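[1] Sharing a model prediction with you, sequence too.
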Amino acid sequence: MKMHSSLYKRWRSLGFAVLLSFTAVSLVQGQDVYKEFNTEVAGEYRYFFNSGNYPNQHQNYFSIKIEPELLLEWDDGRQQLNFTGFLRLDRDDRRTHADIRELYWLIARNNWELSVGLKKVFWGVTESIHLVDIINSTDIVESFDGEEKLGQPMVHFSYVSKIGTIDLFALPYTRRPQFPGSEGRLRTPFIIDGSEAGFESGSEEYRPTFATRWSNSIGVFDIGLSHFYGNGREPLFDVASESVFYPVNHQTGLDIQATTGPFLWKFEAIRRDNKFQEVYALAGGFEYTFSNIRDSGIDIGILGEYLYDNRDDLAISGMDNDLFVGSRIAFNDTQSSQILAGAIFDLSKSTQLWSIEAERRIGSSWKASVEMRLFEKVAREEFLLYALRQDSFAQFTISKFF
Amino acid sequence: MKRIAYLAITLFSSAAISMAQSPEQKGLDIAQKADEVDHGFESSSSTLTMILKNKHGQESTRKLSNQTLELVEDGDKSMIVFNSPRDVKGTATLTYTHKEGADDQWLYLPALKRVKRISSNNKSGPFMGSEFAYEDLSSQEVEKYTYKFLKEESLNGEACYAVERDPVDPNSGYSRQIAWYNKGNYRIEKIEYYDRKNALLKTLTFKNYQQYLNKHWRAGEMVMVNHQSNKETTLIFDDYQFKLGLTDNDFTQNSLKRSR
């Protein structure tokens, strides 16, 4: 019965999306419309260095991603319809998934802008963790770094004034991200069915969620202050019933960056309140860039960030008292080659997380990238990371842009 | 008596200035005049094709579009959007140029929908792997250099003033530049760039000039040759438009996010 209703809801949201696009298309008829259609197709191979901790897991995973994008622009570029689809086919049937990343209509007039539909919004300044970024649910099965997001239905109004930009969000529906299946890696010992996730709110995923943000650039400072009230984006785990649920959160976030010469100083902090916990977390640090070293065109950046979370071992990210150090190398060559390498060290436990991301363009429409994540000396007290201690992997991706 | 002597000195010195203006003053006058004759375009846009050629002659192409808002009290605001190669499509930069002090610059990364404030310190680095440095393409405000008039010289049959320009910013990759200003209309015909060791690094040649709105001269093509690496970058400008009615509202982080 629940399966049936969730399917029904999925079709209903798709119906809403199709209706929205028809409305937009009928609006633009008879006007000068600019159209653009692009597709990215990527082949991905993931190799896990160790055999899995749990039955059914593999060491080799081949996978394909298709991401089509459509843009319609009219009214001198002041109205747009954006669509980004997403399809992943993987050996793990839970990682095999489709999504509408974006499908929204946007209208911009002088100093305001309104968008309606599924959209992705990013807030924040730090590199190793994104604390204040809360509008979209994370596509958990898609990437380990949490930077892949599910399309979020919203009405978003943005107003630019002399005292900064005010953003207002009404989020009528909450997405339920999926978790890895039994054949998947990077998972807990038990299988969580994300589509069965519960909510604290009786209205479940239909509980309206609201958010607002003020942001401004004042001299060397870029400042953002935000508040979010409604269904949380980060799940709480119920180990006894092997399930997850989403509490109703109040979350206040602050992000500041100061840009002074080659230094970028970054700070993010959140306070999150719900029936079950009171969370304080912060991340702060710097990025220093040695640019155009010896006139080679190469930039080398040094990054350092300190991460704190008052949940200690229960912090989902595991970043409770950690230090991130890293380096970003941009070759600024014809192929736009770049490398980002770093490690997060737990200052109160033994855990270390190492990562390397590198990419390079091939020709004019191909891109090759490599990503490696190493889980080293993972402490037994780590809430989630301990389950992933065998899951160090290297990933190779070739993308073709059509 | 004292008063008469003072008067004599004043007369003498003002006569000296009008007769033999210092090379610094004359250089500055030329740069100011060049800036002045281009005043009043309000806002402009164009599309750019960038052709990168390595020392073996292999080419790769990028396509960009560009919008500029003219400001009088402070430096111009500009936005550049990358259209190709495909993997960086939608990436865009927003720059607030300042006459004095560091420029403000933001970068939009479309995959993450993230706007990042970036350091404008890296002036000398290559723009998109090309032979143009960021500082070559940023708004050329008069205050960014000190000047020295060198000589009058004819270039491809056009009478020109050759003026040395020394970058004020210590982060500049150049010890000096020599710019050839057209004597008749003050457009720049050629620039030579000298590296920090004062060796000739690059030459930029402006080609296919066209005049818009009976006033504003814009090159249809700019060719940058790097004499040290033997690499070359050509910038081709198309679809120049002026007085588009753009305002500050078209140069915000919101407009950066919706730029395509």
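    Looks like it arrived, so ask away.

[2] In the chain, where is pLDDT below threshold?
    Looking at chain A here, since you left the chain open. Along chain A, segments meeting pLDDT under 70 span A:1-30, A:313, A:315.

[3] was after chain B, sorry
    B:1-19.

[4] and the stretch 51-200 of chain A, which residues reach chain B?
    Proximity of the stretch 51-200 of chain A to chain B, by C-beta under 8 Å from any C-beta of the partner chain, involves residues A:71, A:73, A:77, A:80, A:106, A:108, A:110-111, A:113, A:120-122, A:125, A:147, A:158, A:160, A:165. In this view, the C-beta of every residue, glycine as well, is placed from N, C-alpha and C.

[5] Name the helix or strand for residue B:257, please.
    Per DSSP states H and E: residue B:257 is located in helix B:253-258.

[6] Quick one: buried ones out of the residues of the stretch 51-200 of chain A next to chain B?
    Neighbour-count burial within these applies to A:71, A:73, A:80, A:106, A:108, A:111, A:113, A:120-122, A:125, A:158, A:160, A:165; the criterion is 16 or more other C-beta atoms under 10 Å in any protein chain shown.

[7] Reformat those residues as TSV; add distance to residue A:271 and secondary structure.
    Below are those laid out as TSV (distance: C-beta to C-beta, whole Å; DSSP: H, G, I helix; E, B strand; the rest coil):
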residue	distance to residue A:271	secondary structure
A:71	38	strand
A:73	40	strand
A:80	35	strand
A:106	32	strand
A:108	33	strand
A:111	31	coil
A:113	29	strand
A:120	24	coil
A:121	20	coil
A:122	20	coil
A:125	17	coil
A:158	24	strand
A:160	27	strand
A:165	22	strand
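
[8] From residue A:216, how far off is residue A:222?
    8 Å (C-beta to C-beta, to the nearest Å).

[9] So which of those two has more stuff around it?
    Counted by other C-beta atoms under 10 Å in any protein chain shown, residue A:222 and residue A:216 do not tie: residue A:222 has more neighbours, with 23 against 16.

[10] on contacts alone, who are the packing partners of the helix or strand where that one lies?
    Per DSSP H and E, residue A:222 falls inside strand A:221-231. Judged by 3 or more C-beta pairs under 8 Å, 6 or more residues apart in numbering or on different chains; DSSP states H and E, the packing partners of strand A:221-231 are strand A:209-218, strand A:248-260.

[11] Single out the most deeply packed of those strands.
    Of all the helices and strands packed on strand A:221-231, strand A:248-260 has the most neighbours on average by mean count of other C-beta atoms under 10 Å in any protein chain shown, namely a mean of 19.

[12] next one: phi and psi at the spatially most central residue of chain A?
    Computing the C-alpha centroid of chain A and ranking residues by C-alpha atoms, centre = their mean puts residue A:147 first, at 2.8 Å. In terms of degrees, to the nearest 10, the main-chain angles of residue A:147 are phi -90, psi -10.

[13] leaving aside the residues next to it on the chain, what's closest to it?
    Nearest residue to residue A:147 in three dimensions, chain neighbours excluded: residue B:112, at 6.1 Å (C-beta to C-beta, 6 or more residues apart in numbering or on different chains).

[14] I'd guessed that neighbour sits against residue A:123; true?
    No - at 11.0 Å, residue B:112 does not count as touching residue A:123 under the criterion of C-beta atoms under 8 Å.

[15] So these two - more neighbours on which side?
    In terms of neighbours (other C-beta under 10 Å), residue A:123 is the more surrounded of residue B:112 and residue A:123; the figures are 23 against 15.
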